[in-house]
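# I would like to see how this sequence folds:
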Amino acid sequence: MTPPPPRPRATGRITLSDVAKAAGVSPITVSRALRGERAVDPALVKRVREAAHRLGYVPDPAARALASQRSAHVAVLIPMLSNTLFVDLLEAVQRSLRPAGYQTLVGVTHYDPREEELLLRELLLQRPAGLMVTGLERSLGARALIAESGVPCVHLMEVASTPGAFSVGFSQSDAGAGLTRHLLGRGRKRIAFAAAQLDARTMQRLEGWRRELDAAGLYDAGLQWLSPEPSSIALGAQMFESIIEKQADVDAIFFCNDDLAQGALLAALRLGVAVPQQVAVAGFNDLTGSDQMLPALTTVRTPRAEIGMAAAQMLLTLMRGQSVTSPCVDLGYELVVRAST
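Here you go, the predicted model:
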């Protein structure tokens, strides 16, 4: 194998020009190939990437930012890292962006609009090439920051109907309605809705639950169990105990997240409450361990990895100044029926 050429700079850094010489192309072609622009021939992209790998080329983010007035970073705002839902989403985003030469700057909002606005101010100072935010609901200040920045932005986990907005997700309301229809189809009539955190997506699931029960003539506001506390297994166990104690006629409980439902199933085992014979239990998001519960948990499987990958591809297209085929991509949801209902 031909050894790499001597490093021409005192820093020993392999440059874009070095890769261009090794690949037999111009530096601008190397830049476009490594950014993944569609106009570059795939065979040429392969040759450039092989040369870059052989030489050990690492893009200089400072040089790229100076040349393009943007950095090689994409800012991603998510509500929390303790929920594997967002970990899966973030990993998919990073896997999709890195081959195109972008790194992620992650901000955790903790479901706090003021914290999200502060993070946006800080991250936009880094002049990111693109931006991803979770959901559609945010403060007026945050909306203004995004609009005035001119940075391409894609919304995650929800689908937008607003002209000019780009989003990849699914209808949280329809998913909530679909799970409620399943419970109704199993003959359940007193279906409680138990939720924590109470963010916008949770409330959309609540709306879907209420819509289906209204249509069936079974809606009862007293069946709503809402807590602003963070979602957790321990809270789910507490909510289950309270519901069973105070509303003995409840025959199904729709928990807004799987960790709550997992806690409920553990509480049911401890209390000797038969699931699903006495009360059916369902969750949302199909988190790790739900299929291993006793009984296995019925839930809604959300396509968070697919959302991350599709959103990253949409953002790459926008960052290249190209138009996207559809600004709103609905990836749907999957009802996973197991033994708990």
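# sticking with the most centrally placed residue in the chain, tell me its helix or strand.
Centroid-nearest residue in the chain: L89, 4.2 Å away (criterion: C-alpha atoms, centre = their mean). Following DSSP states H and E, one finds L89 within helix 84-97.
# what pairs with the following helix or strand past that helix, parallel or antiparallel?
The first helix or strand that comes after helix 84-97 along the chain, using DSSP H and E, is strand 103-108. Applying DSSP bridges, strand 103-108 is found paired with strand 73-78 (parallel).
# before we move on, back to that, next, the buried residues of the helix holding L89.
Neighbour-count burial for helix 84-97 flags 84-86, 88-90, 92-94, 96-97 (criterion: 16 or more other C-beta atoms under 10 Å). (Each C-beta comes from the backbone N, C-alpha and C, glycine too.)
# the residues you listed into CSV, with extra columns for distance to E241 and pLDDT?
Converted to CSV, the buried residues of helix 84-97 look like this (distance: C-beta to C-beta, whole Å; pLDDT from 0 to 100):
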residue, distance to E241, pLDDT
T84, 25, 89
L85, 25, 93
F86, 28, 95
D88, 30, 95
L89, 32, 96
L90, 34, 96
A92, 36, 97
V93, 38, 97
Q94, 40, 95
S96, 43, 95
L97, 44, 95
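# residue ranges for the helices of the stretch 1-150 of the chain, please.
For the stretch 1-150 of the chain, the helices defined by DSSP state H, counting those that start in this stretch cover 16-23, 27-35, 42-55, 61-68, 84-97, 113-124, 140-149.
# from the buried residues of helix 84-97, which is closest to V48?
Using C-beta to C-beta, L97 is the member of the buried residues of helix 84-97 that sits closest to V48, with 18.4 Å.
# just give the nearest non-adjacent residue to that closest one, would you?
Of all residues not flanking L97 in the chain, A312 sits nearest, at 5.2 Å (C-beta to C-beta, 6 or more residues apart in numbering).
# what helix or strand is that neighbour on?
Going by DSSP H and E, A312 is part of helix 304-319.
# so how far is that helix off the chain centroid?
Computed by C-alpha atoms, centre = their mean, to the nearest Å, the chain-centroid distance of helix 304-319 equals 10 Å.
# go on, stretch 271-281?
Its chain's C-alpha centre and that of stretch 271-281 lie 32 Å apart, by C-alpha atoms, centre = their mean.
# can you pull the buried residues of it?
In terms of neighbour count (16+ other C-beta under 10 Å), stretch 271-281 has its buried residues at 273, 275-276, 279-281.
# just the residues contacting that stretch, thanks.
Identification of contacts with stretch 271-281 by C-beta atoms under 8 Å, 6 or more residues apart in numbering yields 183, 186, 188, 240-241, 244, 250-253, 255, 261, 264-265, 267-268, 295, 297-298, 339-341.
# show me those residues that map onto strands.
Judged by DSSP state E, the subset of the contacts of stretch 271-281 located in strands is 252-253, 255.
# those, buried ones only, as a PyMOL selection?
Buried residues within these, by 16+ other C-beta under 10 Å, are selected in PyMOL with:
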select buried, resi 252+253+255
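# nearest to S227, of the ones in strands among the contacts of stretch 271-281?
Within those, the smallest distance to S227 is 11.2 Å, found for F255 (C-beta to C-beta).
# wait, isn't that closest one in contact with I243?
No. With contacts counted by C-beta atoms under 8 Å, F255 stays clear of I243, the gap being 10.2 Å.
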